[in-house]
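Colleague: model the structure of this input:
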Amino acid sequence: MALDFESLTEATAGAIGALVSTTALYPLDTCKTKYQAEASSHDQQKYRNLTDVLWEAIRDGQVLSLYQGLGTKNLQSLISQFVYFYGYSFFKRLYLKKSGKKLLGTKANLIVAAAAGACTCIITQPLDTASSRMQTSEFGKSKGLWKTLSEGTWSDAYDGLGISLLLTTNPSIQYTVFDQLKHRLLERGSNKTGAVSSPEALSAFSAFMLGALSKSIATCLTYPAIRCKVVIQATESDDERIRENRAKSRKTISGVFRNILKTEGVPGFFKGLHAQILKTVLSSALLLMIKEKITKTTWIFMLALRRYLFIARAKIKSL
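Modeller: This next block holds a predicted model:
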């Protein structure tokens with residue numbers, strides 16, 4: 001079966017963009033995750049805002065601990081973005097080929113994006129769970145990937161899988177909005193005709209702005225589920241583990257939902273929304289900007305790789 005080089009190009013560019021954006025914004029991501037994971041009544045809150053997490057790290061001399069779990073997060077981001085972009089591009093091309101259409105409609109785009117997202121969740125959920133536990137561990141006390149995953153059962157590594165599958169609507173909304181806006185922008189600004197030798201790309205500024213807008217919309221619509229997922233996956237103290245043994249329903253979506261509603265009220269479902277938007281918008285916009293700018297370079301590399309494989313195959317056949 002021949003390799004789908006266009007899908008491979010999209011996947012490679014997306015994975016590189018994810019790696020760079022994740023590394024650049026990781027301290028912000030750690031602060032955001034620790035802030036979101038705190039589920040308590042107002043008089044027991046340790047972090048009253050996002051900067052409290054940062055000041056704690058500075059006060060305790062644990063600034064480098066803001067990077068705890070970076071390796072796992074980078075691995076998770078690299079794999080998830082590669083799988084997502086490859087799956088999205090592959091399913092998109094398959095749909096257009098089967099349907100005979102030139103463009104995806106909004107509904108078809110949502111379905112294709114959700115299918116790619118579901119495949120990504122199933123493959124990378126253990127890494128996602130591990131990185132969340134590392135980030136929410138006390139500063140300086142984070143454990144390695146293998147130790148973090150081996151402490152519980154195999155099913156524990158998939159904590160939050162159900163809600164992760166639900167959250168496939170987030171990138172579905174994001175990339176649907178991005179693709180539709182990108183197509184309209186390129187269609188309006190392009191007067192060229194003829195065959196396209198490589199994928200069209202937005203300017204860095206346009207890609208950044210469209211990425212920020214599309215991610216903001218997706219984040220606002222799905223944030224309550226995002227908050228519940230972080231609480232489910234967070235590392236717990238010994239006292240919290242004792243309480244959990246008495247009420248294991250806290251680890252379920254319904255249990256976490258009831259707990260947040262009881263202790264924090266409806267506003268609790270939106271705790272950290274500003275931090276989530278700040279981090280994810282910057283991350284997604286940076287990812288998409290990098291992806292758009294390196295897609296052509298990656299395309300040229302893939303063409304060279306395809307030519308090399310073709311020549312190598314011809315030589316083997318001639319032997």
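Colleague: in the stretch 151-300 of the chain, where is pLDDT below threshold?
Modeller: Within the stretch 151-300 of the chain, the set of residues satisfying pLDDT under 70 comprises 152-153, 189-201, 235-251.
Colleague: what's the following helix or strand after the helix or strand harbouring residue 58?
Modeller: Element membership for residue 58, per DSSP states H and E: helix 50-59. Note on helix 50-59: by DSSP H and E, the next helix or strand toward the C-terminus is helix 70-99.
Colleague: that following helix packs against which elements?
Modeller: helix 5-24, helix 26-37, helix 106-136, helix 145-150 (3 or more CB pairs under 8 Å, 6 or more residues apart in numbering; DSSP states H and E). Every C-beta, even on glycine, is put in place using the N, C-alpha and C of the backbone.
Colleague: need the ones you listed in TSV (columns: distance to residue 261).
Modeller: TSV is the format used below for these (distance: least, CB to CB, whole Å):
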stretch	distance to residue 261
helix 5-24	32
helix 26-37	16
helix 106-136	21
helix 145-150	29
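Colleague: coming back round to it: show me which residues of the helix holding residue 58 are buried.
Modeller: Neighbour-count burial for helix 50-59, counted by 16 or more other CB atoms under 10 Å, picks out 50, 53-54, 56-57.
Colleague: how many neighbouring residues does residue 48 have?
Modeller: Neighbours of residue 48 under the rule other CB atoms under 10 Å: 10.
Colleague: next: residue 105.
Modeller: 13.
Colleague: how about it, phi and psi?
Modeller: Dihedral pair for residue 105: phi -80, psi 170, per degrees, to the nearest 10.
Colleague: and it, how far is that from residue 96?
Modeller: Relative to residue 96, residue 105 is positioned 11 Å away (CB to CB, to the nearest Å).
Colleague: tell me how far the ends of stretch 34-46 are from each other?
Modeller: Looking at stretch 34-46, the gap from its leading to its trailing residue is 10 Å under the measure CA to CA, to the nearest Å.
Colleague: show me where the stretch 201-319 of the chain has its helices.
Modeller: Under the criterion DSSP state H, counting those that start in this stretch, the stretch 201-319 of the chain contains helices at 204-233, 238-246, 253-264, 273-318.
Colleague: now those as TSV including distance to residue 143 and mean neighbour count?
Modeller: Putting the helices of the stretch 201-319 of the chain into TSV (distance: least, CB to CB, whole Å; neighbours: other CB atoms under 10 Å) gives the following:
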stretch	distance to residue 143	mean neighbour count
helix 204-233	15	20
helix 238-246	15	10
helix 253-264	23	16
helix 273-318	24	17
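Colleague: thinking again about what came up before, for residue 185, state which of the buried residues of helix 50-59 is nearest.
Modeller: Closest approach between those and residue 185, by CB to CB: residue 50, at 32.8 Å.
Colleague: next, the contact list for the residue lying closest to that closest one once chain neighbours are set aside, please.
Modeller: Counting by CB to CB, 6 or more residues apart in numbering, the nearest residue to residue 50 once its immediate chain neighbours are dropped is residue 275, at 4.6 Å. Contact analysis of residue 275 by CB atoms under 8 Å, 6 or more residues apart in numbering lists 28, 31-32, 35-36, 50.
Colleague: residue contacts, residue 207?
Modeller: Applying CB under 8 Å, 6+ apart, the residues near residue 207 are 182, 201, 285, 288-289, 291-293.
Colleague: from residue 108, how far out is it?
Modeller: For residue 207, the distance to residue 108 equals 23 Å [CB to CB].
Colleague: cool, residue 65 as well?
Modeller: Spatial separation of residue 65 from residue 108 under the definition CB to CB is 45 Å.
Colleague: grab the most central residue of the chain for me.
Modeller: With distances taken as CA atoms, centre = their mean, the residue of the chain nearest its centroid is residue 77 (6.5 Å).
Colleague: wait, it sits on residue 19?
Modeller: Yes - counting by CB atoms under 8 Å, residue 77 does reach residue 19; the two are 6.3 Å apart.
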